[in-house]
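[1] Pasting a predicted model and its sequence here:
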Amino acid sequence: MNIGIIDIGSNTIRLNVYELNNKSFHLLFSKKENVGLISYVYKNNLSLEGITKLKNCLLRFKTTLEVLDIYIMDAFATASLRNLDNSLEVLSIISNCLNIQIEIISGSTEGKLSFLGAMHQIHQPTGLYIDSGGASTEFVFYKNFKNLYTISLNIGSLNLFNKYVDKILPTKEETLQIQKHIFKEIEKIKAPKEISTPSTLTVTGGNMRAIRSLLVHYGRLNQDEYTFSAKEIHELLLLLSENKTKTMHLFLKIKPDRVHTMFCGLLILDAITSYFSIQNIQICTNGVREGYLIQKYIGGKNENNTK
């Protein structure tokens, strides 16, 4: 059977369609729209314009699924809706207009589902896993592939951009403000003693994958490689800080839809690797959408669930 999973994020809304067969699945296709819902939040309420943007995007996704005769669809929202004062109103409008029931998942649940979805891709049995999005970053400290501690922090590439950046790329002063904010948030983490200093960091998220594309562009990583030394991140940050105009043109070439968030995503990753003295980084392609699928339709532990 084929299933559509819609992930409503603060920056992008993505539809993944999976073919499910017994306890295995594989991705048939993926479609995303850069709606930027967080940009339509005023006084902690999603504006009517923002609700309309959300509604129209979901309608297009629903229509796509119906054309393909796919009628099993789930939609969930993360930080994009969970912290809003009018989240219930938004859910009601979408339900009444489109007959789509959106499930809002907590930050802790988001981290756990993301880890579940990525588990079969993770190389190291013990370490730190993060899922960095537009409005939040989820941290999972794990040992022998067992989740020991999960926390969600309000540091995301898009909310940092909206709060601190005046133009497209942050100035030196804005960069320092962003770094200070990130470290202040990271200090809230109470890592378990068993892995308080993880050597390996596994990451997922659109900006994290975009950063990998930058490393490939500069020849610091092969096209088929997903693991690299953590020092590459700081060196990449220094390189991109030399000429902001050149960097912006590069971003437009590599990932034009992330031109305004990629630098903030890099600052998040650089701060985490620095704070925890990370030695190696692995990029994962799976995450919360796969975890959501596994939990709802497969159940149990994620043991080689994907083809």
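    Perfect, I can see it now.
[2] all contacts plus neighbour counts: C-alpha atoms, from now on.
    Fine.
[3] can you give me the helices for the stretch 201-307 of the chain?
    206-217, 231-241, 244-254, 262-275, 288-293 (DSSP state H, counting those that start in this stretch).
[4] Rounded mean pLDDT for the longest one, please.
    Read it as helix 262-275. Rounded to a whole number, the mean pLDDT of helix 262-275 is 97.
[5] same thing with the third one?
    Per-residue pLDDT values over helix 244-254 give a mean of 95.
[6] Also the first one?
    Confidence over helix 206-217, taken as the mean pLDDT, stands at 96.
[7] Ile182 touches Asp270, doesn't it?
    No: with contact defined as Cα atoms under 8 Å, Ile182 does not count as touching Asp270 (10.0 Å).
[8] sorry, back to before: can you add distance to Ile100 and mean neighbour count and give the helices of the stretch 201-307 of the chain back as TSV?
    Listed next are these as TSV, based on distance: least, Cα to Cα, whole Å; neighbours: other Cα atoms under 10 Å:
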stretch	distance to Ile100	mean neighbour count
helix 206-217	25	19
helix 231-241	40	16
helix 244-254	34	15
helix 262-275	31	22
helix 288-293	17	23
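[9] Let me know which of those is the nearest to Pro170.
    The closest of the helices of the stretch 201-307 of the chain to Pro170 is helix 262-275. By Cα to Cα, the value is 7.9 Å.
[10] Now do that closest one against helix 244-254, angle only.
    For helix 262-275 against helix 244-254, the angle by axes from the mean of the first three to the mean of the last three Cα atoms, to 10 degrees is 100 degrees.
[11] how far is helix 262-275 from where the chain is centred?
    14 Å (Cα atoms, centre = their mean, to the nearest Å).
[12] for it, packing partners?
    helix 157-164, helix 172-186, helix 206-217, helix 231-241 (3 or more Cα pairs under 8 Å, 6 or more residues apart in numbering; DSSP states H and E).
[13] Name the next helix or strand downstream of the strand or helix carrying Ile3, please.
    Assigning secondary structure by DSSP states H and E places Ile3 in strand 2-8. Per DSSP H and E, strand 2-8 leads on to strand 13-21 as the next helix or strand towards the C-terminus.
[14] So what sits opposite Ile8 in the bridge?
    Ile8 has the following beta-bridge partners by DSSP bridges: Ile13, Ala77.
[15] which outside residues touch stretch 176-183?
    Applying Cα atoms under 8 Å, 6 or more residues apart in numbering, the external contacts of stretch 176-183 come out as Ile155, Leu160, Tyr164, Cys264, Leu267, Ile268, Ala271, Tyr275.
[16] One more pass at 10 Å, please.
    153-156, 160-161, 163-165, 170-175, 184-185, 264, 267-272, 274-275 (Cα atoms under 10 Å, 6 or more residues apart in numbering).
[17] can you check stretch 292-301 too?
    3-5, 7, 18, 20-25, 74-76, 109-110, 112-114, 116-117, 119, 288, 290-291, 302, 305-306.
[18] change it to 7 Å
    Lys23, Leu113 (Cα atoms under 7 Å, 6 or more residues apart in numbering).
[19] With stretch 199-211 instead?
    Counting by Cα under 7 Å, 6+ apart, 127-133, 255, 262, 265-266, 277-285, 287 sit against stretch 199-211.
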